[in-house]
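> Build the 3D model from these lines:
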Amino acid sequence: MKQGTQASAGTGVPDPRMSRGAWVPPQQRAADVDRDRDLGDGAGAVRGEHTHSETPIPRPRAVVQRSSVRGQILDALRTALVGGELTPGEVYSAPALGERFGVSATPVREAMQQLAAEGAVEVVPNRGFRVIERGARELAELAEIRALIEVPVMLRLARTVPAARWADLRPLAEGTVRAASSGCRATYAESDRAFHCALLSLSGNEQLVHIAEDLHRRAQWPLVGGPVTRGRADLAADAAEHLALLEALVAGEWDVAQSLVREHFAGAA
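A predicted model of the protein is given here:
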């Protein structure tokens, strides 16, 4: 229930990969180029256009298609953050990333601006966007906030939601187990987040789900010193807790469920 969620069939959750590029029709690319031209050189200087000092980014091995180019780029960049392909402290320019995805710099800038608003990157004038460097303390603080928000809600739901509703979440819990077995931190991140959102959505509070999802996403970004902080065994243990929690909830074992929820968030940091 901690770091991440996967897209699996039937869940409706996207499963982007940084190793996959965003294919865009020629007419869309032309429109993006025209838009960049209209913005002028001054706007480009503000966003960061210099690429001469950047580490080369490998081209995608496959392509995926979505209706929203900006949305696809944003998903892919979020996945890259979780997987460590965007390194904390490094600066990336929109043109370089655009070339990597086969699109103009415009949708990349828009996606990066969204990530800046989320606190994942910061704007570096005349250069691009720097990935924020995070430490263990910040991760622990995020885990504490998540626990303060989610634990009381889960414990309340444990006594009010019918067993059948909990059983409906089993496919998502099993999806986290499969994602953990892949050993891919980004894949597990998507699956884990999908499970948490589905569980909290039973409260009927959309604002709660939105805030919790944002905190969950922030808690998935890598720490300084290495892109991956949790191995396959850690992911597998985390996923197993999802199934154990559901079994306790379906059986009406409130004390067991309470213990599992608290232990789960205690290990989130």
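> E138 and I149, how far apart?
Using CB to CB, to the nearest Å, we find E138 at a distance of 17 Å from I149. C-beta: built from backbone N, CA, C; applies to glycine.
> Revised request: answer the last question for L77.
Using CB to CB, L77 is found at 26 Å from I149.
> Counting neighbours, go ahead and name the busier of those two.
Using other CB atoms under 10 Å as the criterion, L77 and I149 rank with L77 on top: 26 against 16.
> State whether that one and E85 are indeed in contact, as I suppose.
No. When contacts are counted by CB atoms under 8 Å, L77 is not listed as touching E85 (9.3 Å).
> which residues are in contact with the top helix by length along the chain?
Longest helix in the chain, counting residues (DSSP state H): helix 136-160. By CB atoms under 8 Å, 6 or more residues apart in numbering, the list of residues contacting helix 136-160 from outside reads 2, 196, 199-200, 202-203, 205, 208, 211-212, 215-216, 218-219, 223, 249, 254, 257-258, 261-262, 265-266, 268-269.
> Which among those count as buried?
Buried members of those, scored by 16 or more other CB atoms under 10 Å, are 2, 196, 199-200, 202-203, 211-212, 215-216, 218-219, 223, 249, 257-258, 261, 265, 268-269.
> Mind checking which of these are in helices?
Residues of those located in helices (DSSP H): 196, 199-200, 211-212, 215-216, 218-219, 249, 257-258, 261, 265.
> where does the stretch 1-150 of the chain dip in pLDDT?
Across the stretch 1-150 of the chain, the ranges flagged by pLDDT under 70 are 1-67.
> so where do the strands sit in the chain?
Listed in chain order, the strands of the chain (DSSP state E) span 20-22, 62-64, 91-92, 121-124, 128-131.
> The third one packs against which elements?
Using 3 or more CB pairs under 8 Å, 6 or more residues apart in numbering; DSSP states H and E as the contact criterion, the elements in contact with strand 91-92 are strand 128-131.
> Return the distance of the strand it packs on from the chain's centre.
Computed by CA atoms, centre = their mean, to the nearest Å, the separation of strand 128-131 from the middle of its chain amounts to 18 Å.
> for stretch 253-263, same thing?
The chain centroid and the centroid of stretch 253-263 are separated by 26 Å, computed with CA atoms, centre = their mean.
> for stretch 161-177, same thing?
Distance, stretch centre to chain centre, for stretch 161-177: 21 Å (CA atoms, centre = their mean).
> and what of stretch 180-191?
11 Å.
> That one: which residues count as buried?
By neighbour count on 16+ other CB under 10 Å, the buried set for stretch 180-191 is A180, C184, R185, A186, T187, Y188, A189, E190, S191.
> Please report how far A179 lies from G83.
For A179, the distance to G83 equals 13 Å [CB to CB].
> do the same with A136
Noted for A136: a distance of 19 Å to G83, by CB to CB.
> Between the two, tell me which one has more neighbours.
Taking other CB under 10 Å, A136 and G83 do not tie; G83 has more neighbours (21 against 12).
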